[in-house]
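Novice: Need a 3D model of the following:
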Amino acid sequence: MTSQKPGLHPRNRHRSRYDMNALCQSCPALQDYIVETPAGEPSVNFADPLAVKTLNKALLAHFYGVAHWDIPEGFLCPPVPGRADYVHHLADLLAEDRDGIIPQQATVLDIGTGANLIYPLIGAHEYQWRFTGSEIGDEAFASAQAIISANPGLSRAIRLRRQKEAASIFNGIIHKNETYDATMCNPPFHDSAAAARAGSERKRRNLGQAEDAALNFGGQQQELWCEGGEVAFIKKMIVESQAFGRQVMWFTTLVSRGENLPPLYHALTDAGAVKVVKKEMAQGQKQSRFIAWTFMDNDQRRRFMARKR
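Specialist: This next block holds a predicted model:
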């Protein structure tokens with residue numbers, strides 16, 4: 001029996017329950033973390049960070065052909081189904097400018113790709129997109145590079161760029177004569193270390209963990225919070241995007257909270273965005289969305305796509 005998860009994109013590979021036997025075949029280490037649910041079905045303990053990380057290894061190996069994947073202790077361990085949804089909805093957005101055909105070989109910039117490199121891994125496998133991943137943290141950059149180096153063929157699909165300026169997002173990353181079909185970003189959403197800790201504490205309580213338990217999905221400072229939180233970060237991104245409006249067709253970013261949308265829409269109007277799109281996403285009870293904006297009208301986007309093919 002396969003019960004479908006509500007809300008996931010129709011092309012998402014994770015719409016059915018995990019087949020733990022198949023995942024264990026793809027990643028034998030997962031067998032050590034299998035527990036039985038009260039209903040007698042195999043699962044993993046989602047309150048155990050190592051179990052969650054090993055499940056991710058298995059999912060990436062089984063569904064996306066990533067044989068070698070690891071992240072340093074304490075770094076963000078992303079839930080794969082939700083991350084895949086962003087990629088699939090972005091593919092739909094790009095297809096709207098191509099008579100419904102999803103572009104192969106699209107060029108995508110992932111801002112703050114992280115130690116886990118999750119979006120490039122999924123997008124390169126699903127759509128043969130070519131990714132540039134920007135990263136500011138030394139350890140995260142080294143981890144992402146190690147994943148690329150350990151998997152033959154990935155270096156042709158994914159390249160990394162180090163962001164040397166802590167205050168910059170696109171500046172210093174998008175070079176003068178480059179063009180991108182889209183940018184992606186999962187921004188830090190808390191506005192302080194205290195707020196990030198409180199968010200971690202809520203997760204811990206919801207999972208029924210002890211007070212000293214490690215957080216199952218982890219996260220470093222720059223992954224979880226920044227001054228002014230999500231709204232300030234995305235507003236800065238919007239301002240910087242104006243300078244690259246002829247080099248990038250669609251700028252996109254996740255927005256974790258719906259109440260953050262009005263100030264962002266206001267900033268996009270001020271920036272002169274020609275078109276703004278919101279894509280709602282859901283995984284079980286968790287609601288999310290990304291916004292996309294462009295400085296090109298419909299004809300300009302079609303010409304942009306035609307030039308790149």
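
Novice: which sections of this protein are below the confidence cut-off?
Specialist: 1-6, 189-228, 309 (pLDDT under 70).

Novice: any chance you could map the helices in the protein?
Specialist: Taking DSSP state H to define them, one finds helices in the chain at 20-26, 49-64, 80-95, 118-127, 138-150, 154-157, 193-206, 221-224, 229-241, 261-271, 298-308.

Novice: Could you give me the buried positions within the second one?
Specialist: I take that to be helix 49-64. Judged by neighbour count (16 or more other CB atoms under 10 Å), helix 49-64 contains these buried residues: 49-64. All C-beta spots, glycine's among them, are computed from the backbone N, C-alpha and C.

Novice: So what angle separates the directions of it and helix 80-95?
Specialist: Angular relation of helix 49-64 and helix 80-95 on a 0 to 180 degree scale: 40 degrees, by axes from the mean of the first three to the mean of the last three CA atoms, to 10 degrees.

Novice: what sits up against helix 49-64?
Specialist: Where contact means CB atoms under 8 Å, 6 or more residues apart in numbering, the residues beyond helix 49-64 that reach it are 13-14, 18, 22-27, 29-30, 32-33, 44-46, 66-67, 69-71, 77-78, 80, 116, 121-122, 125-126, 214-218.

Novice: same thing with the fourth one?
Specialist: With CB under 8 Å, 6+ apart as the contact definition, helix 118-127 has outside contacts at 11, 60, 63-66, 69, 78, 80, 83-84, 86-88, 90-91, 102-104, 106, 108, 110, 113, 129-131, 133, 147, 154, 157-158, 184, 186.

Novice: One more pass at 7 Å, please.
Specialist: 60, 64-66, 78, 83-84, 86-87, 91, 102, 104, 106, 108, 110, 113, 129, 131, 133, 154, 157-158, 184 (CB atoms under 7 Å, 6 or more residues apart in numbering).

Novice: now for the helices of the chain, which one comes closest to Ala166?
Specialist: helix 221-224 (8.8 Å; CB to CB).

Novice: Contact partners for Ser134?
Specialist: For Ser134, the contact set (CB under 7 Å, 6+ apart) comprises Leu109, Ile111, Gly112, Thr113, Arg161, Gln163, Ile173.

Novice: who does it bridge with?
Specialist: Listed by DSSP bridges, the beta-bridge partners for Ser134 are Arg161.

Novice: Against Ser134, how distant is Ala243?
Specialist: Counting by CB to CB, to the nearest Å, the gap between Ala243 and Ser134 amounts to 16 Å.

Novice: er, Glu230 I mean
Specialist: 18 Å.

Novice: likewise Gly258?
Specialist: From Gly258 over to Ser134 the distance is 27 Å, taken as CB to CB.

Novice: One more: Val52?
Specialist: Counting by CB to CB, the separation of Val52 from Ser134 is 26 Å.

Novice: excluding its backbone neighbours, what's nearest Gly172?
Specialist: Glu165 (5.4 Å; CB to CB, 6 or more residues apart in numbering).

Novice: And for Ser143?
Specialist: Nearest residue to Ser143 in three dimensions, chain neighbours excluded: Ala115, at 3.7 Å (CB to CB, 6+ apart).

Novice: so what's that neighbour up against?
Specialist: Residues touching Ala115, when contacts are defined by CB under 7 Å, 6+ apart, comprise Ile71, Pro72, Phe75, Glu139, Ala140, Ser143, Ala144.

Novice: so can I have TSV of the residues you listed showing neighbour count?
Specialist: Supplementary listing: the contacts of Ala115 in TSV, determined by neighbours: other CB atoms under 10 Å:
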residue	neighbour count
Ile71	24
Pro72	13
Phe75	21
Glu139	14
Ala140	25
Ser143	20
Ala144	25
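
Novice: between the residues you listed, which is closest to Ala95?
Specialist: Minimum distance to Ala95 across these is 27.7 Å, recorded for Ala144 (CB to CB).

Novice: nearest spatial neighbour of the closest one, skipping sequence neighbours?
Specialist: Here the nearest residue to Ala144 in space, its sequence neighbours aside, is Leu117; by CB to CB, 6+ apart that works out to 4.4 Å.

Novice: how many other residues sit next to that neighbour?
Specialist: Leu117 is flanked by 30 other residues according to other CB atoms under 10 Å.

Novice: and if you look at Ile101?
Specialist: The local packing of Ile101 (other CB under 10 Å) involves 10 other residues.

Novice: Ramachandran angles for it?
Specialist: Dihedral angles phi and psi of Ile101 (degrees, to the nearest 10) take the values phi -100, psi 120.

Novice: Leaving out sequence neighbours, find the closest residue to it.
Specialist: Going by CB to CB, 6+ apart, Ile101 has Ala95 as its nearest residue, at 5.8 Å.
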